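Based on what follows, work out the 3D shape:
(one chain, ligands or ions: 1)
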Amino acid sequence: MDSLQSLPPLSTLSTSVSSALNAKLGTNHDLTQAPSIVAEFLTQCDDLERNLVHLNRTLESNFASYASFSNRIGHLFGIVNSKLTDLGSSVCLRSSVSDGEGLGEELPSLAKEVARVEAREKVEQLLLESTTSYPIICDNLKKIYPARDGNPAKIAVRGLSLALPRGECFGMLGPNGAGKTSLINMMIGLTKPTSGTAYLQGLDILTSMDTIYTSMGVCPHHDLLWETLTGREHLLFYGRLKNLKGFALNQAVEGSLKSVNLFHGGVADKHVGKYSGGIKRRLSVAISLIGDPKVVFMDEPSTGLDPASRNCLWSVVKQAKRDRAIILTTHSMEEAEVLCDRLGIFVDGALQCIGNAKELKGRYGGSYIFTITTSSNNEEEVENSRFENAKSRFTVFAWGLADTTLEDVFIKVARGAQAVNILS
Ligand SMILES: Nc1ncnc2c1ncn2[C@@H]1O[C@H](COP(=O)(O)OP(=O)(O)OP(=O)(O)O)[C@@H](O)[C@H]1O
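Residues are numbered from 1 along each chain as shown. Sure, this is the predicted structure:
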């Protein structure tokens, strides 16, 4: 229990944790182990500071967990539901995390319930206000595919409530078969909801789809392009569908071609049949944004693009989200982190959690890994060291502090939700 020396006894912390103590808990554990090295982090590393601030915020909302540990630190603690919990040794924690159990095991279902209730309350409040600052509002949207050919009925979307403000790109992550496409297909009018509805720009998808189309853009998973038309002709066609005419139409098409790098070199006037996969994808994104739609759905927009084209496309999306709401589905955690202001992990027809990448990492990851690099001659000393005097005892070539990745979060949430569904 050496590592908890500077903390008050566990029993005095088993009730609500004050914000000052939250910060202390976050830093004390490391500081007791490596005061000089971690002090350097605090002065030099903004990320750590931001994470500590985040820790305070999530703890206040009562469902966060946090553990701080390093490769060499023997003992660990965490905070679960605002209670300090003795988590045992790092070896123990590492193996339980890799088994999908242990720290935060009970949190996904709690977080899911909190997110569901908060989203529902927000939607109810917005529906009373009839505001347009939230271009996308899902109101208890549900999709059940009826039983067919001996197969039972399938609940693809289990009553989703969600509100997206203007300026937000919302990332919809989820394993195959989670229900993402079913959700989007309802919102773009391809299928009817079994119950519930959605309001796009304040208009009900059940009654006003024709009007909604004029302010909606869609970048489908597979490019829906005509091989014998040019890129420019595609944009002119879709621009007209959005009621653009004359000078405004030509200007929008030129702007659009420039934004996705198809303006120069005559590419825009070649038949789409001659385009590479990357150019087709960029054209699909340009089509989804022409005519200034306020609601845009993008299904894996950068799939199949090389890194340079992908970065170009990401700049287009970042620019585009300023004045609209975008729902983007992706299997790329990198894309999600770069583009999305908030992320939702969708499993078995329901959102398991919502938050920005940092929040989700803090909530489901809750760990840092502290590594130092030194000469192999010092190996034994490192094994036995507590790091307090590490730098004075041997040369530290490098040190690093690694946060949980979004991929870790995704795997944990998806696996946790699927395990609960199998048991229930
Ligand atoms: N027309 C349909 N009839 C019956 N079941 C369907 C139908 N379409 C989808 N499903 C089922 O509904 C569930 C959700 O499917 P959906 O395609 O929405 O998932 P997804 O998250 O988009 O998956 P992916 O990432 O693979 O595209 C799956 O179990 C799927 O088999």
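
in the helix or strand containing Gln319, what counts as buried?
Assignment of secondary structure by DSSP states H and E places Gln319 within helix 307-320. Under the neighbour-count criterion of 16 or more other Cβ atoms under 10 Å, helix 307-320 has Ser309, Arg310, Cys312, Leu313, Trp314, Val316, Val317, Ala320 buried. (C-beta placed from N, C-alpha, C; glycine too.)

ditto for stretch 234-246
Buried, per 16+ other Cβ under 10 Å, within stretch 234-246: His234, Leu235, Leu236, Tyr238, Gly239, Lys242, Leu244.

ok, the residues you listed vs Ile279, which is closest?
Ile279 has its nearest neighbour among the buried residues of stretch 234-246 in His234, at 11.6 Å by Cβ to Cβ.

A strand includes the closest one, no?
No. Using DSSP: H, G, I helix; E, B strand; the rest coil, the assignment for His234 is helix, not a strand.

distance of it from the ligand?
25 Å (Cβ to the nearest ligand atom, to the nearest Å).

So for that residue, what pLDDT did the model give?
Looking at His234, its pLDDT is 95.

quick one: contacts for it?
Leu225, Trp226, Val272, Leu283, Ile287 (Cβ atoms under 8 Å, 6 or more residues apart in numbering).

Just give me the neighbour total for the second one.
Counted with other Cβ atoms under 10 Å, the neighbours of Trp226 add up to 12.

Which parts of the stretch 301-424 of the chain are strands?
Here the stretch 301-424 of the chain has its strands, by DSSP state E, counting those that start in this stretch, at 325-329, 342-347, 350-355, 368-374, 396-403.

Show me the beta-bridge partners of Cys219.
Cys219 has these beta-bridge partners by DSSP bridges: Met298.

residues contacting it?
Ser284, Val285, Ile287, Ser288, Val296, Phe297, Met298, Asp299, Pro301.

Next to the ligand, which bits of this structure? Give me the list.
Taking Cβ under 6 Å from any ligand atom, the part of the chain that reaches the ligand is made up of Tyr145, Lys154, Ala156, Gly174, Asn176, Gly177, Ala178, Gly179, Lys180, Thr181, Ser182.

Would you agree the second one is in contact with Lys142?
The reference is to Lys154. No. Using Cβ atoms under 8 Å, Lys154 is not in contact with Lys142; the gap is 12.0 Å.

Give me the more crowded residue out of the two.
Counted by other Cβ under 10 Å, Lys154 and Lys142 do not tie: Lys142 has more neighbours, with 20 against 15.

Name the SS class of the more buried one, please.
Following three-state DSSP, Lys142 is assigned to strand.

and if you look at Ala156?
Following three-state DSSP, Ala156 is assigned to strand.

Count the residues that sit near it.
Neighbour count of Ala156, defined by other Cβ under 10 Å: 22.

excluding its backbone neighbours, what's nearest it?
Ser182 (3.8 Å; Cβ to Cβ, 6 or more residues apart in numbering).

show me what contacts the one you found?
Applying Cβ under 8 Å, 6+ apart, we find Ser182 in contact with Lys143, Tyr145, Ala156, Val157, Thr191, Gly349.

Selection in ChimeraX covering whichever of those are buried, please.
Selection of buried members from the contacts of Ser182 for ChimeraX, criterion 16+ other Cβ under 10 Å:
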select :143,156,157,191,349
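
Show me which pair in the contacts of Ser182 is furthest apart.
Spanning the widest gap among the contacts of Ser182 are Thr191 and Gly349, at 14.2 Å by Cβ to Cβ.

got the contact list for Gly196?
Counting by Cβ under 8 Å, 6+ apart, Gly196 touches Cys138, Asp139, Asn140, Leu141, Lys142, Gly159, Leu160.

so what's the third one up against?
Asn140 makes contact with Arg120, Val123, Gly159, Leu160, Ser161, Ser195, Gly196, Thr197 under the criterion Cβ under 8 Å, 6+ apart.

what about the residue lying closest to it once chain neighbours are set aside, distance to the ligand?
Among residues not flanking Asn140 along the chain, Gly196 sits closest, at 3.8 Å (Cβ to Cβ, 6+ apart). Distance from Gly196 to the ligand, counting by Cβ to the nearest ligand atom: 16 Å.

Now do the buried residues in the helix or strand containing Gly196.
Element membership for Gly196, per DSSP H and E: strand 195-200. Of the residues in strand 195-200, Gly196, Thr197, Ala198, Tyr199, Leu200 count as buried by neighbour count, 16+ other Cβ under 10 Å.

pLDDT for these - can I get that in a markdown table?
Shown next, in a markdown table, are the buried residues of strand 195-200 (pLDDT from 0 to 100):
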| residue | pLDDT |
| --- | --- |
| Gly196 | 96 |
| Thr197 | 96 |
| Ala198 | 96 |
| Tyr199 | 95 |
| Leu200 | 95 |
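
Show me the two of those that sit farthest apart.
Largest separation among the buried residues of strand 195-200 by Cβ to Cβ: Gly196 and Leu200, giving 13.8 Å.

Now do the strands in the stretch 101-250 of the chain.
Listed in chain order (using DSSP E, counting those that start in this stretch), the strands of the stretch 101-250 of the chain are 136-145, 154-164, 169-173, 195-200, 203-204, 216-219.

Which among the ones you listed is found nearest to Asn261?
For the strands of the stretch 101-250 of the chain, proximity to Asn261 was assessed by Cβ to Cβ; strand 216-219 is nearest, at 16.0 Å.
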